[in-house]
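>>> what would the 3D arrangement of this be:
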Amino acid sequence: MYHKIRKNMRFSCFKSLECLFVSGGLLLTAALPAKTQLIVDDSDPQFFSDTNRELQVMRAGGRGLVCKEVVSRLDASSVDTHIKPVTQDEKTWHPNDRKGTRSHTVALDNKVRGAERRQPTPAIVFLHPSRVDRGISLFKLGTFVSELESAMDLNAGTFFGDYKVREKRAAFVRNAWRDSMGLGLISISDRVPTDEYQRAKQLGLINEKAAAFFPILDPEAIQGNLSAESVTISTHTQ
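Here you go, the predicted model:
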């Protein structure tokens, strides 16, 4: 199992700066946010480093505007999200996973799993370490950002009880992440059609103006609303 800590650390993470190896050299990225509600467990140094590295890439826009928006909302949330590794401890496992390999997000409240949340809710993302290890092919699935989207919805009180809606929202962000990596996009996830990101991109909606609407589940409607808004602003400024 992938629960041992590798001895060879690829880089060191400091409190104020994230360090990356790029083309054989060390690159210091932008400073970490002064205050963030996104807290990475540091009990496993490699997991801590890998997770923070990917978060910093997203913060800097290296995974595209959609992923940058997701992390920005989590950083600015009124409640916390903790990111912890899935380990040999069964307390970190998904209830339906008896092998200890499945990443999942847990709402920190008394409601049943999967119930709608309309109030800001803190969360824990239990993430298998392979999902943030760039040296393993499972990293390319985009599981990490998919779980971050679920945490974002819990934090914002926009968590839907309908699993199909949840699947579409997560897939929008996951496809944005995969698109930034030049990977194939997912049109069906868990038997749910998930082409919303593809349609939004085709309509030119992956931009700052539409960022407040991410993840976009009705691209055509959003395009119409933004077009109408532009017409109104143009009329008022004449």
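>>> the residue nearest in space to the middle of the chain: which element?
Most central in the chain under C-alpha atoms, centre = their mean is residue 145, positioned 2.7 Å from the mean C-alpha point. Assessed by DSSP states H and E, residue 145 sits inside helix 143-156.
>>> elements contacting the very next helix or strand once past that helix?
Next helix or strand after helix 143-156 toward the C-terminus (DSSP H and E): helix 163-180. When contacts are defined as 3 or more C-beta pairs under 8 Å, 6 or more residues apart in numbering; DSSP states H and E, helix 163-180 sits against helix 64-75, helix 143-156, strand 188-189, strand 192-193, helix 196-202. From N, CA and C alone the C-beta is placed, and that goes for glycine too.
>>> tell me the helices and strands packed up against the longest one.
Other helices and strands packing on helix 143-156, by 3+ C-beta pairs under 8 Å, 6+ apart, are helix 45-59, helix 64-75, strand 81-85, strand 104-107, strand 123-127, helix 163-180.
>>> same check on the last one?
Helices and strands touching helix 196-202, as assessed by 3+ C-beta pairs under 8 Å, 6+ apart, comprise helix 163-180, helix 219-236.
>>> just to revisit the earlier point, could you save the helices and strands packed on helix 163-180 as JSON lines and add columns showing mean pLDDT and distance to residue 132?
JSON lines is the format used below for the helices and strands packed on helix 163-180 (pLDDT from 0 to 100; distance: least, C-beta to C-beta, whole Å):
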{"stretch": "helix 64-75", "mean pLDDT": "98", "distance to residue 132": "14"}
{"stretch": "helix 143-156", "mean pLDDT": "98", "distance to residue 132": "6"}
{"stretch": "strand 188-189", "mean pLDDT": "96", "distance to residue 132": "20"}
{"stretch": "strand 192-193", "mean pLDDT": "98", "distance to residue 132": "25"}
{"stretch": "helix 196-202", "mean pLDDT": "98", "distance to residue 132": "22"}
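>>> nearest to residue 166, out of those?
Residue 166 sits nearest to helix 143-156 of all the helices and strands packed on helix 163-180, at 6.9 Å, using C-beta to C-beta.
>>> how about residue 201: what's its closest non-neighbour residue?
residue 179 (7.3 Å; C-beta to C-beta, 6 or more residues apart in numbering).
>>> wait, the one you found sits on residue 202?
No: using C-beta atoms under 8 Å, residue 179 makes no contact with residue 202, being 11.9 Å away.
>>> more neighbours: these two, which one.
residue 179 (20 against 11; other C-beta atoms under 10 Å).
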